[in-house]
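Asker: no FASTA, just this:
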């Protein structure tokens, strides 16, 4: 049974577990999300199990406009309670995320949001670049996967290196803040405008 | 030959003439945009003829966030020169447009941006509401057209009454500013986020 990107996304939101762990769990549960949640909890990969199922509907809408007003970002970050939404720490987190999206030019929040056709196009380009170099297929597959990881880390906000500390990703930053607040924190959406660009 | 919304949009951008004038000119020119431009110039309906053809690629990206951070807008407004983009008047215009979009809840910049299916759905609803009231078809057509005009004036930014002076529309405001600056001014796009909403 094929695992869909939506299932992986749903499982990640419920459990906070990593992409590969969720894919593996879904493969082993034949696409049954509930079973996969249980499996991830059992294995300890569901980092946020206590928080799972609680919805993040509070939060903040904020913006960051680069000096000169040629690049700007509007962002919505959700948490679970109005209480956390009003803390200076959450406020600062949202501001930093908006600045990150403006500075580092993300196009999507997470890799599940990248259209499948675009991923396939990238994959085909990478494979074509490696063709005729006499490399074994298995090696080519690994190199292509590595290049795709790099692609995601460039265009997906939560996979980008954090601009204020590139030893962690934006996703790590969110997880740290989630641990501190005890709430699920989710970047729901952002828009980035660059003057004169699409 | 059917006139497309894109043609009308293009003609409006080139000439600055009104929606109905552009439609009429395109109908009379059999959809030939150049001929329609000439016709509008000849008739004097092309208000911005000196500016036509010049592109609006400069401008500002700005945002407005409602107090409480539950509603926010990111907007891009284009003008033709960096000089105008840096004037306090243009800055204020863009800020007011962002505030307008946040407060009055526009969904599109102009009526040409509203998907045709959505317009048809509205039209069908209005027609169904009037059915069985024994009104002549011509009258029903006029009432439906009137309701559609109201619909556009609610969801299209440039057709909304201006929040700071409801005797004019946002489009009027833009035209006044265009006349003052001597440049084409175009709201290129905006995003509006409301916390927890689609």
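Answerer: Happy to help now that I have it. Everything quoted here is computed from the prediction, not taken from an experiment. Numbers count the residues shown, from 1 in each chain, chains lettered A, B, ... in the order given.
Asker: how about the helices in chain A?
Answerer: For chain A, applying DSSP state H gives helices covering A:5-15, A:19-28, A:33-43, A:82-85, A:88-104, A:116-130, A:137-155, A:170-181.
Asker: now distance to residue B:112 and mean neighbour count too, for those, in TSV please.
Answerer: All C-beta spots, glycine's among them, are computed from the backbone N, C-alpha and C. Below are the helices of chain A laid out as TSV (distance: least, Cβ to Cβ, whole Å; neighbours: other Cβ atoms under 10 Å in any protein chain shown):
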stretch	distance to residue B:112	mean neighbour count
helix A:5-15	33	19
helix A:19-28	40	18
helix A:33-43	42	18
helix A:82-85	37	16
helix A:88-104	29	19
helix A:116-130	27	13
helix A:137-155	30	14
helix A:170-181	37	18
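Asker: least reliable of those helices by average pLDDT, please.
Answerer: The weakest mean pLDDT among these belongs to helix A:33-43, with a mean of 78.
Asker: show the pLDDT at the residue lying farthest from the centre of chain A.
Answerer: In chain A, the residue that sits farthest from the middle, by Cα atoms, centre = their mean, is residue A:134; the gap is 34.9 Å. In the predicted model, residue A:134 carries a pLDDT score of 85.
Asker: about what we covered before: and the helices of chain A as JSON lines, adding distance to residue B:21?
Answerer: Putting the helices of chain A into JSON lines (distance: least, Cβ to Cβ, whole Å) gives the following:
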{"stretch": "helix A:5-15", "distance to residue B:21": "47"}
{"stretch": "helix A:19-28", "distance to residue B:21": "55"}
{"stretch": "helix A:33-43", "distance to residue B:21": "56"}
{"stretch": "helix A:82-85", "distance to residue B:21": "49"}
{"stretch": "helix A:88-104", "distance to residue B:21": "40"}
{"stretch": "helix A:116-130", "distance to residue B:21": "41"}
{"stretch": "helix A:137-155", "distance to residue B:21": "43"}
{"stretch": "helix A:170-181", "distance to residue B:21": "50"}
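Asker: include distance to chain B when you put those into JSON lines, please.
Answerer: Putting the helices of chain A into JSON lines (distance: least, Cβ to the nearest Cβ, whole Å) gives the following:
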{"stretch": "helix A:5-15", "distance to chain B": "15"}
{"stretch": "helix A:19-28", "distance to chain B": "25"}
{"stretch": "helix A:33-43", "distance to chain B": "23"}
{"stretch": "helix A:82-85", "distance to chain B": "8"}
{"stretch": "helix A:88-104", "distance to chain B": "8"}
{"stretch": "helix A:116-130", "distance to chain B": "21"}
{"stretch": "helix A:137-155", "distance to chain B": "18"}
{"stretch": "helix A:170-181", "distance to chain B": "16"}
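Asker: so which of those helices is nearest residue B:175?
Answerer: Closest approach to residue B:175 among the helices of chain A is made by helix A:88-104 (31.5 Å; Cβ to Cβ).
Asker: what sits up against the closest one?
Answerer: A:59-60, A:62-66, A:71-75, A:77, A:79, A:84, A:106, A:157, A:160-164, A:170, A:173-174, A:177, A:180-181, A:185, A:187, A:190, A:192 (Cβ atoms under 8 Å, 6 or more residues apart in numbering or on different chains).
Asker: could you do stretch A:134-144 as well?
Answerer: By Cβ under 8 Å, 6+ apart, stretch A:134-144 touches A:123, A:126-127, A:130.
Asker: the most centrally placed residue in chain A and residue A:190, how far apart?
Answerer: Centroid-nearest residue in chain A, with Cα atoms, centre = their mean: residue A:110, separated by 3.1 Å. Going from residue A:110 to residue A:190 by Cβ to Cβ, to the nearest Å gives 11 Å.
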